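Engineer: Just a sequence and a predicted model for now, questions to come.
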Number of protein chains: 2
Amino acid sequence: MNNYRFEDLYEDLSVSFEETVTEEMMDAFWLISGDENPLHMKKEFAQSQGYKDRVVYGMLTSSLLSQLVGVHLPGKYCLLQGMELKYLNPVYVGDTLTVKGTVYELHPSVKMAVIKALITNQDGVKVVRGKINVGFLQYEDE
Amino acid sequence: MNNYRFEDLYEDLSVSFEETVTEEMMDAFWLISGDENPLHMKKEFAQSQGYKDRVVYGMLTSSLLSQLVGVHLPGKYCLLQGMELKYLNPVYVGDTLTVKGTVYELHPSVKMAVIKALITNQDGVKVVRGKINVGFLQYEDE
């Protein structure tokens, strides 16, 4: 786990990691969200809508942004303030996603960083992009 | 499950539902997101930061918005396009959250609706607010 402080960050600093979406994650997201929409639950319905299989919940995919800011950039001292997301293309179970975060703006007067996020699949297709506003917890030696 | 079509929606139409956050949901979100930040995992760390207990992942709370649009408003034909969220106050395990969605804007030329969302806890404290852009799947009788 990284533990960047606001003062450690600089524009264009970036991190990335990969995760593969599993059936187990789909079940877990259904449990959390209570979203039983057939696009995510029923292959036949999704196919009738032109998708090749049931579609992974957009908000499951974007849950990886919680790891992005909470573990990687800035990591330990992250305090999530807000985000703006666009869902660009469908994700399917078995897809391996690359999550990339880049420091986009730094606002020293309010100790807030804007992290630009991009999630792509194994074919390089952009599936989610966004901007995340993060503040900072108290550093432990202060 | 509701199945509002774009043409059925009107400004100020609203729906709401309640969910209680459980330990099981926290475990499930950890599995999905891979976010092992100590603010969410360790009571002692969270308390050292001034919180009364470990803090529920912001993106777990906002996962309820997947149910809001995928089940309730508009429901079955929902196609999530994007969202803008602000995290306003901490949520704790055991909190009962009320999720309210209201039709805020309708854009007929692109068949897109903006749903305003507000999540409050059992004390009426606002914890998340946002705006969600939804498009529509193909209606089954078309």
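Structural biologist: Done, it's in.

Engineer: At the geometric centre of chain A, which residue sits there?
Structural biologist: Closest residue to the average C-alpha location of chain A: A:Leu65 at 2.4 Å, with Cα atoms, centre = their mean.

Engineer: Where does that one sit: helix, strand or coil?
Structural biologist: Taking DSSP: H, G, I helix; E, B strand; the rest coil as the rule, one finds A:Leu65 in the helix state.

Engineer: Quick check: closest non-adjacent residue to it.
Structural biologist: Closest residue to A:Leu65 apart from its sequence neighbours, by Cβ to Cβ, 6 or more residues apart in numbering or on different chains: A:Ala117 at 5.4 Å. The C-beta positions use only the backbone N, C-alpha and C, and glycine is treated the same way.

Engineer: Beta-bridge partners for that neighbour, please?
Structural biologist: Under the criterion DSSP bridges, A:Ala117 forms beta bridges with A:Gly101, A:Gly130.

Engineer: one step back: show the model's pLDDT score for the residue nearest to the centre of chain A.
Structural biologist: Predicted confidence (pLDDT) at A:Leu65: the value is 98.

Engineer: And A:Ala28, by the same measure?
Structural biologist: What the model reports for A:Ala28 is a pLDDT of 98.

Engineer: Torsion angles phi and psi at it?
Structural biologist: phi -70, psi -40 (degrees, to the nearest 10).

Engineer: list the contacts for it?
Structural biologist: Under the criterion of Cβ atoms under 8 Å, 6 or more residues apart in numbering or on different chains, the neighbours of A:Ala28 are B:28-29, B:31-32.

Engineer: What distance do you get for the closest residue to it other than its chain neighbours to B:Leu85?
Structural biologist: Counting by Cβ to Cβ, 6+ apart, A:Ala28 lies nearest to B:Ala28, which is 3.9 Å off, once chain neighbours are set aside. Distance, B:Ala28 to B:Leu85, by Cβ to Cβ, to the nearest Å: 20 Å.

Engineer: same thing with A:Val91?
Structural biologist: Plainly put, A:Val91 is 20 Å away from B:Leu85 if you go by Cβ to Cβ.

Engineer: that older thread, look at the residue nearest to A:Leu65 and report its pLDDT.
Structural biologist: pLDDT, A:Ala117: 98.

Engineer: go on, A:Glu140?
Structural biologist: So A:Glu140 comes in at 87 (pLDDT).

Engineer: Check the secondary structure at it for me.
Structural biologist: A:Glu140 falls in the coil class when you classify it by three-state DSSP.

Engineer: and what of A:Glu44?
Structural biologist: Here A:Glu44 is helix, with the state taken from three-state DSSP.

Engineer: And for it, the neighbour number?
Structural biologist: Here the neighbour count serves as a burial measure; for A:Glu44 (other Cβ atoms under 10 Å in any protein chain shown) it reads 9.

Engineer: Check the one 4 residues further on too.
Structural biologist: Each residue near A:Ser48 was counted by other Cβ under 10 Å, and the total is 14.

Engineer: Once you drop chain neighbours, what's closest to it?
Structural biologist: Setting aside the residues directly before and after it, A:Ser48 is nearest to B:Glu140 in space (Cβ to Cβ, 6+ apart), at 7.7 Å.

Engineer: Got the phi and psi for that neighbour?
Structural biologist: Torsion angles at B:Glu140 (phi, psi; degrees, to the nearest 10) stand at phi -70, psi -20.

Engineer: That one and A:Phe45, how far apart?
Structural biologist: Shown here: B:Glu140 relative to A:Phe45, a distance of 9 Å by Cβ to Cβ.

Engineer: which of the two has more neighbours?
Structural biologist: More neighbours surround A:Phe45 than the other of B:Glu140 and A:Phe45, with 18 against 11 (other Cβ under 10 Å).

Engineer: thinking the more buried one is in contact with A:Tyr51, fair?
Structural biologist: No - between A:Phe45 and A:Tyr51 no contact is recorded; they are 9.0 Å apart, counting by Cβ atoms under 8 Å.

Engineer: hey, what's in contact with both of the two?
Structural biologist: A:Leu39.

Engineer: contacting residues for A:Glu84?
Structural biologist: With contact set as Cβ under 8 Å, 6+ apart, A:Glu84 has these partners: A:130-131, B:82-85.

Engineer: Recalculate using a threshold of 6 Å.
Structural biologist: With contact set as Cβ atoms under 6 Å, 6 or more residues apart in numbering or on different chains, A:Glu84 has these partners: A:130-131, B:84.
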